Every structure is written in structure tokens, then in C-alpha cells.
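Chemist: Model the structure of this input:
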Amino acid sequence: MFQNYKLGFDVGALILSGILILPTLIQNVLFEGGGFSQTATPELDTVAWIMLGLTVVTLCLASNRRHKKLSRKNFLTLAVALCCVAYYGFWAALYLLPFSGTGMVLGLCLLPCAALLLYCLERKNWPAVVPATIYLLTHLISSLVNVII
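Modeler: All right, here's what the predicted structure looks like:
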């Protein structure tokens with residue numbers, strides 16, 4: 001399986017990761033929201049962050065030899081961009097609108113996970129799919145336990 005991969009550097013994966021992590025960093029630095037001290041599931045959150053880091057490292061460093069350059073006209077690339085735009089829309093709505101319901105929480109949880117998984121699929125980076133899926137599951141469970149339930 002790994003013979004189709006080479007060690008390289010995918011700048012697009014790093015940019016995508018930065019785009020997805022930036023709102024959370026801003027929230028944790030500028031506002032009193034977030035952080036492991038305010039969660040009911042600190043161990044699960046730690047696993048989620050580790051899986052996110054592993055996903056980013058795998059996306060950035062492992063390149064599929066058989067895959068072509070990133071195309072802006074590709075459906076998956078457009079879907080990744082749409083997930084990012086919607087994610088920022090949810091963050092804007094969270095601070096501009098006076099409510100934060102279940103849909104808001106699920107949007108903030110699932111959209112970055114979907115963007116990462118779609119990017120893994122677009123780049124045909126199968127080793128990154130495993131930690132990205134674990135990140136999705138741990139992030140979803142953590143969001144459900146901490147905010148919705």
C-alpha cells in the first residue's frame with residue numbers, strides 16, 4: 001500500500017489546515033471559550049487533537065505518486081472550498097447571531113472534518129483517511145457530549 005506514496009510536502013494541505021484551525025485558535029486566544037479545562041471529555045479532546053495533528057502531518061508529507069496536480073475544477077476541490085466557506089459562515093453566525101443551537105454546533109464540528117476527509121480523498125492520500133476519520137468521530141462525540149447533550 002505504501003509503495004504508491006513518496007515523501008514530499010503538500011503546501012495545500014498545510015494551507016487548508018491553517019484555514020481550519022485559525023477560528024479555534026482565535027476563539028481560544030481572544031475569548032474565554034474553548035480549551036481543555038472547560039470540557040467534560042478532556043481525554044477524548046486530546047485524542048481528537050492528536051488525530052488532527054497526525055492527519056495534517058500525513059497529508060503534508062505523504063504524496064500519492066499516481067495522483068495529478070490539484071485542480072480547481074475538480075468536484076472534490078470545490079467541495080473542500082465550500083466546506084471552508086460554510087465553516088467560516090458558521091463561525092460568523094455564532095458571534096453575530098444571538099443563538100447557538102444544535103445545527104450550529106454540528107456545523108462547526110462536521111464542516112472542518114468533512115473538508116479534511118474530502119481533501120484526503122481528492123489527493124488520494126489513503127493513509128491520512130484513518131486519522132481523519134478518527135478525528136471526525138472523536139470530535140463529533142466530544143461536541144455531542146459537551147454542547148448538545
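
Chemist: Can you spell out which helices and strands pack onto the strand or helix carrying residue 113?
Modeler: For residue 113, the element it lies in under DSSP states H and E is helix 102-122. The criterion is 3 or more Cβ pairs under 8 Å, 6 or more residues apart in numbering; DSSP states H and E, and the helices and strands that helix 102-122 contacts are helix 11-30, helix 42-61, helix 75-96, helix 126-143. No exception for glycine: its C-beta is placed from N, CA and C like everyone else's.

Chemist: how about the ones you listed, which one is nearest residue 115?
Modeler: Evaluated over the helices and strands packed on helix 102-122, closeness to residue 115 peaks at helix 75-96, with 3.8 Å, by Cβ to Cβ.

Chemist: For that closest one, the averaged confidence score.
Modeler: The average pLDDT within helix 75-96 is 93.

Chemist: Pull out the buried positions in that helix.
Modeler: 76, 77, 79, 80, 83, 84, 87, 90, 91, 94 (16 or more other Cβ atoms under 10 Å).

Chemist: which residues are contacting that helix?
Modeler: With Cβ atoms under 8 Å, 6 or more residues apart in numbering as the contact definition, helix 75-96 has outside contacts at 16, 19-20, 23, 70-72, 100, 104, 107-108, 111-112, 114-115, 118-119, 121-122.

Chemist: picking that back up, of the helices and strands packed on helix 102-122, give the one that comes closest to residue 4.
Modeler: helix 126-143 (8.7 Å).

Chemist: Would you mind getting the angle between the closest one and helix 42-61?
Modeler: Here helix 126-143 runs at an angle of 150 degrees relative to helix 42-61 (axes from the mean of the first three to the mean of the last three Cα atoms, to 10 degrees).

Chemist: Let's have the helices and strands packed on helix 102-122 in JSON lines, adding distance to residue 4.
Modeler: Formatted as JSON lines, the helices and strands packed on helix 102-122 follow (distance: least, Cβ to Cβ, whole Å):
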{"stretch": "helix 11-30", "distance to residue 4": "17"}
{"stretch": "helix 42-61", "distance to residue 4": "14"}
{"stretch": "helix 75-96", "distance to residue 4": "18"}
{"stretch": "helix 126-143", "distance to residue 4": "9"}
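
Chemist: for those helices, which one sits closest to residue 5?
Modeler: With respect to residue 5, and counting by Cβ to Cβ, the nearest of these is helix 126-143 at 6.9 Å.
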